[in-house]
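K.L.:
from the sequence below, what's the structure:
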Amino acid sequence: MAQNAMRGVRPRTVVRAGAAIVFIGLLATAISVLATRCSGPAVLKEPDRSATKPVLAGVLPGGSGRLANPIGLAWDGSRLYVCESDAGAVAVFDARGRRRGVIRVPAASGATTSYPVSVCVLEGGELALADTAGSRVVVVSSAGTGDARVKRVIGEPMVSQPTAVAADGRRLFVADAADGTIKAFDGSSQVATLGADLDPPLTFVTGMAVVDGTLLVADSNAGRVVEMDARTGALVTTLQARFGLPRDVVALGGGRVAVADAFERSIVIFHDGERSGAIDAASVPGATLTSVRGLAWDAKRGRLFASDARTGTVVVCDVPATWGLR
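P.N.:
Modelled structure (predicted):
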């Protein structure tokens with residue numbers, strides 16, 4: 001009987017079975033390697049809920065890596081987008097600080113490269129980017145990495161020198177240095193021009209944020225941050241401080257506003273219009289801000305991201321909810 005059973009097993013069957021086993025083994029190895037790469041070590045620490053003042057959570061990218069002139073930042077609730085201006089791309093990181101890839105921004109017609117300086121998140125999984133090399137705002141998909149999938153472009157004659165973008169849901173705000181105004185768009189259609197009657201006028205806007213119906217504007221060359229009505233453009237207030245070179249602004253909740261000041265190498269905190277604190281290398285060890293440019297806020301974790309163009313990094317600090325309140 002045993003001899004008959006041996007005769008019933010064909011050599012071809014044995015070869016196929018062996019090949020299947022080898023294939024399964026290789027597939028398991030590939031999946032294991034892929035899983036390891038996708039779940040690499042976290043760069044950022046978990047938030048310290050017991051902290052009473054800002055603490056350093058980490059610096060991106062991890063190790064000795066550098067980003068190619070990081071400027072604008074945006075956070076969508078799970079991923080951080082960093083404009084690598086000199087690379088014509090947007091680096092993507094997850095909430096733990098692991099690099100997930102890069103979104104390459106195609107150059108505009110007639111331009112040799114793109115130069116993204118500001119980014120914001122729109123509804124529907126889209127990113128809006130101010131591309132100064134192409135004199136345009138390009139809207140791309142935030143899904144995936146690699147070559148960007150361009151959905152639409154906003155350029156001349158509506159915008160000719162875009163320097164910053166911000167969004168409130170579907171409504172997109174674009175700072176245009178050509179005429180010192182801020183253009184508001186609904187989709188690709190321009191619906192308003194803001195700031196044309198400000199006195200003194202806007203000079204060179206490098207950062208904006210929308211919060212509770214108001215538009216916070218970092219007017220870099222004028223050394224000021226103004227708050228405007230997001231619908232009418234009427235001036236609401238000017239923060240009571242003279243900045244060295246304000247580059248970006250973001251709301252931290254609870255009436256707090258953070259302003260990146262490149263000349264002062266710090267992030268200044270305001271509460272209800274009054275200065276209430278600062279984040280710099282002296283107050284937060286390891287938070288080196290030699291040329292701070294962009295800011296982004298993770299409200300869920302109480303985490304503030306700040307890009308530093310000179311060091312090619314993004315400094316990440318945890319800011320307690322009660323810190324900076326007057």
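
K.L.:
where does the prediction get shaky in the stretch 101-250 of the chain?
P.N.:
Scanning the stretch 101-250 of the chain for pLDDT under 70 picks out nothing.

K.L.:
mind listing the strands for it?
P.N.:
Ranges of strands in the stretch 101-250 of the chain, per DSSP state E, counting those that start in this stretch, are 116-122, 126-131, 136-141, 146-147, 150-154, 162-168, 171-176, 181-186, 189-194, 205-211, 214-219, 224-229, 235-238, 246-253.

K.L.:
and Ala278, which of those strands is closest to it?
P.N.:
Closest approach to Ala278 among the strands of the stretch 101-250 of the chain is made by strand 246-253 (13.2 Å; C-beta to C-beta). For glycine as for every other residue, the C-beta is placed from the backbone atoms N, C-alpha and C.

K.L.:
report the angle between that closest one and strand 205-211.
P.N.:
Interaxial angle, strand 246-253 versus strand 205-211 (axes from the mean of the first three to the mean of the last three C-alpha atoms, to 10 degrees): 10 degrees.

K.L.:
and strand 246-253 with strand 214-219, angle?
P.N.:
150 degrees.

K.L.:
pull out the buried positions in strand 246-253.
P.N.:
246-252 (16 or more other C-beta atoms under 10 Å).

K.L.:
and stretch 193-204, by the same measure?
P.N.:
In stretch 193-204, counting by 16+ other C-beta under 10 Å, buried: 194-195, 198, 202.

K.L.:
residues in contact with it?
P.N.:
163, 173, 175, 177, 179-184, 215, 217, 219-222, 226, 228, 230, 232-233, 235 (C-beta atoms under 8 Å, 6 or more residues apart in numbering).

K.L.:
give me the buried subset of the residues you listed.
P.N.:
Listed as buried from the contacts of stretch 193-204 are 163, 173, 175, 177, 180-184, 215, 217, 219-220, 222, 226, 228, 230, 233; burial here means 16+ other C-beta under 10 Å.

K.L.:
contact partners of stretch 56-69?
P.N.:
41, 43-45, 47, 80, 82, 84-87, 89, 91, 93, 97, 99, 284-287, 303, 307, 309, 311-318.

K.L.:
ugh, wrong one, stretch 168-182
P.N.:
Taking C-beta under 8 Å, 6+ apart as the rule, stretch 168-182 contacts 120, 122-123, 128, 130, 137, 154, 159-167, 183-187, 191, 193-196, 201-206, 208, 210, 215, 217, 228, 230, 233.

K.L.:
isn't Lys151 right next to Val137, touching?
P.N.:
No: look at Lys151 against Val137 with C-beta atoms under 8 Å: they stay out of range, at 11.5 Å.

K.L.:
more crowded one of the two?
P.N.:
Val137 (26 against 16; other C-beta atoms under 10 Å).

K.L.:
contact partners for that one?
P.N.:
128-131, 153-155, 159, 162, 165, 172, 174.

K.L.:
could you measure from the residue lying closest to it once chain neighbours are set aside over to Leu129?
P.N.:
Nearest residue to Val137 in three dimensions, chain neighbours excluded: Ile154, at 4.2 Å (C-beta to C-beta, 6 or more residues apart in numbering). Distance from Ile154 to Leu129, counting by C-beta to C-beta, to the nearest Å: 10 Å.

K.L.:
identify the contacts common to these two.
P.N.:
Common neighbours of Ile154 and Leu129 (C-beta under 8 Å, 6+ apart) are 137-139.

K.L.:
okay, buried residues for the strand or helix carrying Ile71 please.
P.N.:
According to DSSP states H and E, Ile71 maps onto strand 70-75. Neighbour-count burial for strand 70-75 flags 70-75 (criterion: 16+ other C-beta under 10 Å).

K.L.:
check which helices and strands that strand is in contact with.
P.N.:
Here strand 70-75 touches strand 79-84, strand 116-122, strand 126-131, strand 292-298, strand 303-308, strand 313-318, going by 3 or more C-beta pairs under 8 Å, 6 or more residues apart in numbering; DSSP states H and E.

K.L.:
any chance of these in JSON lines, with distance to Val257 and mean neighbour count too?
P.N.:
Converted to JSON lines, the helices and strands packed on strand 70-75 look like this (distance: least, C-beta to C-beta, whole Å; neighbours: other C-beta atoms under 10 Å):
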{"stretch": "strand 79-84", "distance to Val257": "20", "mean neighbour count": "24"}
{"stretch": "strand 116-122", "distance to Val257": "17", "mean neighbour count": "25"}
{"stretch": "strand 126-131", "distance to Val257": "21", "mean neighbour count": "25"}
{"stretch": "strand 292-298", "distance to Val257": "10", "mean neighbour count": "25"}
{"stretch": "strand 303-308", "distance to Val257": "12", "mean neighbour count": "25"}
{"stretch": "strand 313-318", "distance to Val257": "16", "mean neighbour count": "24"}
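
K.L.:
tell me who's in contact with the residue lying closest to Arg265 once chain neighbours are set aside.
P.N.:
Distance criterion C-beta to C-beta, 6+ apart; nearest residue to Arg265, sequence neighbours excluded, is Leu289 at 4.9 Å. By C-beta under 8 Å, 6+ apart, the contact set of Leu289 is 265-267, 279-281, 306, 308, 315.
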